[in-house]
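Participant: Kindly generate the corresponding structure for this input.
(2 chains, ligands or ions: 2)
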Amino acid sequence: MNDSAPEAIADAPGGVVWALRDAANEATRHLRAVPRSPELLVFSALQPIMFVVLFRYVFGGSIEIPGMSYAQYLVPGIFAQTVLFGSAFTGVGIAEDMSKGFVDRLRSLPISPAAVLLGRTFSDLVRNILTFVIMLGVAFLVDFRFQGGLVRGLAATALLLAFSYSFSWIQALIGLSVKSVEAANSAGFIWMFPLTFVSSAFVQTDKMVSAFRWFAEINPFTIVTNASRALYSGTDPGDTVWQSLLWALGITVVFSTLSVRKFLATSN
Amino acid sequence: MPLVEVSGLTRSFGDTNALAGLDFEVERGTVLGMLGPNGAGKTTAVRILTTLLRPNAGTALIDGINVATEPRRIRTRIGLTGQYAAVDERLTARENLQLIGRFFRMNKADSRERAAELLAKFRLEEAGDRVVSGFSGGMRRRLDISMSLVARPIVLFLDEPTTGLDPRSRMEMWDLIDELTADGMTTLLTTQYLDEADRLADQILVIDHGRGIATGTADELKDRVGGARVSFDVGDAAPEAVLAGIGELRSALGEPFTADGAFVVPVRPGTTAPQVMRSLMSAGIDVVDFELQRPTLDDVFLTLTGRPAEEVVADE
Ligand SMILES: Nc1ncnc2c1ncn2[C@@H]1O[C@H](COP(=O)(O)OP(=O)(O)O)[C@@H](O)[C@H]1O
Ligand SMILES: [Mg+2]
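Facilitator: Ligands and ions are numbered 1, 2, ... in the order given. Below you'll find the predicted structure:
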């Protein structure tokens, strides 16, 4: 077989269309793995399911939310936290590819560097949607409902996913910056605990001590939780929807730029 | 014109000069073995040539194309197999190969066909549809190399292709590289083992502290360290008698000497040692035992740098 005889190779075409195709191929690489280890999906849904049960049945009795049931209040917060935690997959996955030399292989191919990260974040978005579907089933079991109707319910879901997608880019930067998978794991998760707990996700902010309350109220996670909660419940979201979208857009623009630059500069 | 031309390549990381002015060439259809201990700068050189790293100074051309200024054109022409098998463990071997084909802008049918060809060539047909996480080290390496060949590169970079393999997989890998060379592939491989460079490379470049310290064929390098020697245990025979026994072969050999009671003759490996033996026997000298002593990487290093190879590893 004439495998190695030098022959003229066309220079690989570039451009946006090819970059998107590269991204789709890269996303397929990760998505193929999902049905092969379905337990990963179940595990990422397990912790939020536990939270639903704990908060709803253990703390729920002593938490009074005026105007709505605690389940209706709590579930959007858990949804928001779940998809946000799901973004950490991005950083861990990138760190894993780096440590195994796969990133080097990709960087030695004639493909767009942005496509590698785009494919990764996109596949994690799909994975997040799957986790979300599992969560939604559990939420309905604890009497959570799309009280604002299906359209608002879907809009609320899309908003949460858009927000978590933007966080995938923060995680991408973390994954590219750390030296090991373990480090990506810790660095990816640790700051998300205060971010999601010091917020309106589980309890109303007005009963928090003042420093926490101040943070909880400017916390973008509170804003997106409030926006989706209002949409799910059919109440007026006020300014929170467009504020959430602005946050998502801003984070995506800033962190995708930083991540692509970091990717290009890796070890340069 | 050589296919790969490197001159004055320099690269440092902080205070470490990983490459300190490296020069070499690789002729078309040949194998260059870059030989050096851990930390010598081999991987750094490979990473620069495969566009993963920018040099601080110097130039590297592949087929006349400058690696630093036209990385994209370089990437369609090279195959890289890094120091650690870069395969996606969650996919099957076939999926790994098809993915690379798609990245090289092949259509689905072509990438499928190419994957099937390579699975057959690399004896991975049976395992082709199994998930890679269950593969042995040798199978991973084979898949890794086959992934580097999907787009029919004009030059292949193999960074320590046998490090970490068991002896049998190592032999298999050597045979595989031989086959690629027989097909006309131009290869740059790095290794820490003289026997590997000896077996696979047409030209060997010995590097140390980011600099080439010697270049030549395996035989030429061995000659520089004194070449192979045969040490004969001749019992009580007198040195004069032994010398006489060697007879007219003497002119073709290095200067014999005695060491630890044995009679040591520098020889060309394989060719003259049996002749010396026969000549001694027919002169009635009783050869009790003999031993062929080949120079090792340590000998090469000791001679070229005045210090053993291990020491370099130790001061990392
Ligand atoms: N990314 C890096 N950052 C810092 N130092 C590095 C980096 N890569 C290599 N080095 C250093 O450069 C030297 C040469 O490394 P390398 O090229 O990996 O050697 P080899 O492959 O021959 O073992 C070593 O001292 C190594 O520690
Ligand atoms: Mg190395």
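Participant: Only C-alpha atoms from now on, for both contacts and neighbour counts.
Facilitator: Noted.
Participant: Report pLDDT for residue A:12.
Facilitator: As predicted, residue A:12 sits at a pLDDT of 64.
Participant: where does the residue nearest to the spatial centre of chain B land on pLDDT?
Facilitator: Centroid-nearest residue in chain B, with Cα atoms, centre = their mean: residue B:197, separated by 3.2 Å. At residue B:197, the pLDDT value in this model is 92.
Participant: swap in residue B:7?
Facilitator: 96.
Participant: sorry, back to before: tell me which helix or strand the residue nearest to the centre of chain B sits in.
Facilitator: Assigned by DSSP states H and E, residue B:197 belongs to helix B:194-200.
Participant: Which positions within the next helix or strand after that helix qualify as buried?
Facilitator: Downstream of helix B:194-200, the next assigned helix or strand under DSSP H and E is strand B:203-208. Of all the residues in strand B:203-208, those buried under the rule 16 or more other Cα atoms under 10 Å in any protein chain shown are B:203-208.
Participant: Would you map the helices across chain B?
Facilitator: B:42-49, B:71-75, B:93-103, B:108-121, B:137-148, B:167-182, B:194-200, B:218-224, B:239-246, B:273-282, B:297-305, B:309-314 (DSSP state H).
Participant: one step back: what comes into contact with the helix holding residue B:197?
Facilitator: B:31, B:33-35, B:174, B:177-178, B:191, B:204, B:218, B:296-297 (Cα atoms under 8 Å, 6 or more residues apart in numbering or on different chains).
Participant: before we move on, what about stretch A:238-251?
Facilitator: Outside stretch A:238-251, the residues that reach it (Cα under 8 Å, 6+ apart) are A:159, A:162-167, A:169-170, A:220, A:223-224, A:226-228.
Participant: which one of the buried residues of strand B:203-208 is nearest residue A:182?
Facilitator: residue B:208 (33.8 Å; Cα to Cα).
Participant: Contacts only, for the spatially closest residue to residue A:82 that is not a sequence neighbour.
Facilitator: Closest residue to residue A:82 apart from its sequence neighbours, by Cα to Cα, 6 or more residues apart in numbering or on different chains: residue A:48 at 6.2 Å. Residues in contact with residue A:48 (Cα under 8 Å, 6+ apart) are A:78-79, A:82, A:135.
Participant: same question, residue B:209
Facilitator: Applying Cα under 8 Å, 6+ apart, the residues near residue B:209 are B:17-20, B:39-41.
Participant: Most widely separated two among those residues?
Facilitator: Largest pairwise distance in the contacts of residue B:209, by Cα to Cα, is 12.7 Å, between B:20 and B:39.
Participant: Residue 191: neighbour count?
Facilitator: Assuming you mean chain A. 10 (other Cα atoms under 10 Å in any protein chain shown).
Participant: I was thinking of chain B, sorry if that wasn't clear
Facilitator: As a burial measure, residue B:191 scores 22 neighbours (other Cα under 10 Å).
Participant: So what pairs up with it in the strands?
Facilitator: With DSSP bridges as the criterion, residue B:191 is bridged to residue B:35.
Participant: Grab the nearest non-local neighbour of residue B:43.
Facilitator: For residue B:43, the closest residue by Cα to Cα, 6+ apart turns out to be residue B:159, at 6.6 Å.
Participant: Tell me the bridge partners for the one you found.
Facilitator: Applying DSSP bridges to residue B:159 gives these bridge partners: residue B:190.
Participant: is it true that it touches residue B:145?
Facilitator: No. Counting by Cα atoms under 8 Å, residue B:159 stays clear of residue B:145, with 10.7 Å between them.
Participant: These two: who's more crowded?
Facilitator: residue B:145 (27 against 22).
Participant: show me what contacts the more buried one?
Facilitator: B:80-81.
Participant: So which helix or strand of chain B has the lowest pLDDT on average?
Facilitator: Ranking every helix and strand in chain B by mean pLDDT, DSSP states H and E puts helix B:309-314 at the bottom, with a mean of 49.
Participant: which helices and strands sit right next to the helix or strand harbouring residue A:157?
Facilitator: According to DSSP H and E, residue A:157 maps onto helix A:150-177. Secondary-structure packing of helix A:150-177 (3 or more Cα pairs under 8 Å, 6 or more residues apart in numbering or on different chains; DSSP states H and E): helix A:70-86, helix A:88-99, helix A:113-141, helix A:181-189, helix A:220-233, helix A:240-265.
Participant: out of these, which comes closest to residue B:255?
Facilitator: helix A:88-99 (52.7 Å).
Participant: contacts for that closest one?
Facilitator: So helix A:88-99 is contacted by A:103-104, A:120-121, A:124, A:168-169, A:171-176, A:178-182, A:184-185, A:188-189 (Cα under 8 Å, 6+ apart).
Participant: Let me see the mean pLDDT of it.
Facilitator: 94.
Participant: next SSE after it?
Facilitator: helix A:102-107.
Participant: which residues sit against that next one?
Facilitator: Contacts for helix A:102-107 (Cα under 8 Å, 6+ apart): A:97-98, A:113, A:116, B:52, B:80-82, B:86-88.
Participant: I'd like those as TSV, with neighbour count and distance to ligand 1 appended.
Facilitator: Shown next, in TSV, are those (neighbours: other Cα atoms under 10 Å in any protein chain shown; distance: Cα to the nearest ligand atom, whole Å):
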residue	neighbour count	distance to ligand 1
A:97	21	16
A:98	22	13
A:113	18	19
A:116	24	21
B:52	23	11
B:80	27	14
B:81	27	13
B:82	24	10
B:86	26	16
B:87	24	20
B:88	22	23
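Participant: Among the contacts of helix A:88-99, the buried ones, what's the ChimeraX command?
Facilitator: Applied in ChimeraX, the following selects the buried portion of the contacts of helix A:88-99 according to 16+ other Cα under 10 Å:
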select /A:103,104,120,121,124,168,169,171,172,173,174,175,176,178,180,181,184,185,188,189
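Participant: Can you point out the buried residues in stretch A:142-159?
Facilitator: A:144-146, A:148, A:152-157, A:159.
Participant: what's next to that stretch, contact-wise?
Facilitator: For stretch A:142-159, the surrounding residues in contact (Cα under 8 Å, 6+ apart) are A:71-72, A:75, A:139, A:224, A:227-229, A:231-235, A:241, A:244-245.
Participant: How far off centre is the helix or strand bottoming out on mean pLDDT in chain A?
Facilitator: In chain A, no helix or strand scores lower on mean pLDDT, DSSP H and E than helix A:38-53, which sits at a mean of 86. Counting by Cα atoms, centre = their mean, to the nearest Å, helix A:38-53 is centred 15 Å from the centre of its parent chain.
Participant: quick one: contacts for the residue nearest to residue B:129 when sequence neighbours are not counted?
Facilitator: With sequence-adjacent residues excluded and distances taken as Cα to Cα, 6+ apart, residue B:129 is closest to residue B:92, at 5.2 Å. Listed by Cα under 8 Å, 6+ apart, the contact partners of residue B:92 are B:128-132.
Participant: Residue ranges in the stretch 1-150 of chain A under the pLDDT threshold?
Facilitator: Along the stretch 1-150 of chain A, the model assigns pLDDT under 70 to residues A:1-13.
Participant: mind checking the end-to-end distance for stretch B:243-254?
Facilitator: Stretch B:243-254 has an end-to-end distance of 12 Å (Cα to Cα, to the nearest Å).
Participant: Repeat that for stretch B:149-160.
Facilitator: Stretch B:149-160 end-to-end distance (Cα to Cα) = 17 Å.
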